[in-house]
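Colleague: Take a look and give me a structure for this.
(one chain, ligands or ions: 1)
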Amino acid sequence: MSALSWKPRRRGDVYCAPACGHGCTRKDYEAALFRAQRVADALGEGWKAEASENMGWHSKVRKAEVYICVPGSWGASQYVAGTEGRGILGTGRTARQAINVMVERLRMERSAAERILETVEAAVS
Ligand SMILES: [Zn+2]
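Modeller: Numbering: from 1, shown residues only. Predicted coordinates:
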């Protein structure tokens, strides 16, 4: 059995991938991309708008490893900032606030890791 494709297909007003199967529309795709583009423009250079599909079209912006989910996407009521492959997220009423919260959490994680490393190094030296 082969996995269903996540490449969206267009049939009339429907724009939806076989793996989704929700019947997502081209109109929703365009609206999601439009919302993401407004956020990308506000954040400035290098931010790219994305619409990603899974039981509806969702708005996301991305710059290198950092992504931000736009409110209304995936049921989120706030902006959610994260980095690919890591579990530390930041949330906020604005995209900038979400980034700042995530950066603060990453700094706290780094400080905690440094304290643990010092303890380990002292124990094994
Ligand atoms: Zn779909």
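Colleague: Output the contacting helices and strands for the strand or helix carrying Val101.
Modeller: Under the criterion of DSSP states H and E, Val101 resides in helix 95-124. When contacts are defined as 3 or more CB pairs under 8 Å, 6 or more residues apart in numbering; DSSP states H and E, helix 95-124 packs onto helix 26-43, strand 66-69, strand 79-83, strand 90-92. Where you see a C-beta, it was placed from the backbone N, CA and C, and this is true even at glycine.
Colleague: hmm, 7 Å instead?
Modeller: With contacts taken as 3 or more CB pairs under 7 Å, 6 or more residues apart in numbering; DSSP states H and E, helix 95-124 sits against helix 26-43, strand 79-83, strand 90-92.
Colleague: What angle do strand 79-83 and it make with each other?
Modeller: Using axes from the mean of the first three to the mean of the last three CA atoms, to 10 degrees, the inter-axis angle of helix 95-124 relative to strand 79-83 is 40 degrees.
Colleague: starting at the chain centroid, how far to helix 95-124?
Modeller: 22 Å (CA atoms, centre = their mean, to the nearest Å).
Colleague: again with stretch 46-58
Modeller: 8 Å.
Colleague: Rounded mean pLDDT for that stretch, please.
Modeller: For stretch 46-58, mean pLDDT is 96.
Colleague: Distance across that stretch, terminal residue to terminal residue?
Modeller: 20 Å (CA to CA, to the nearest Å).
Colleague: Show me what counts as buried in it.
Modeller: Neighbour counts over stretch 46-58 (16 or more other CB atoms under 10 Å) mark Trp47, Ala49, Glu50, Ala51, Ser52, Glu53, Gly56, Trp57, His58 as buried.
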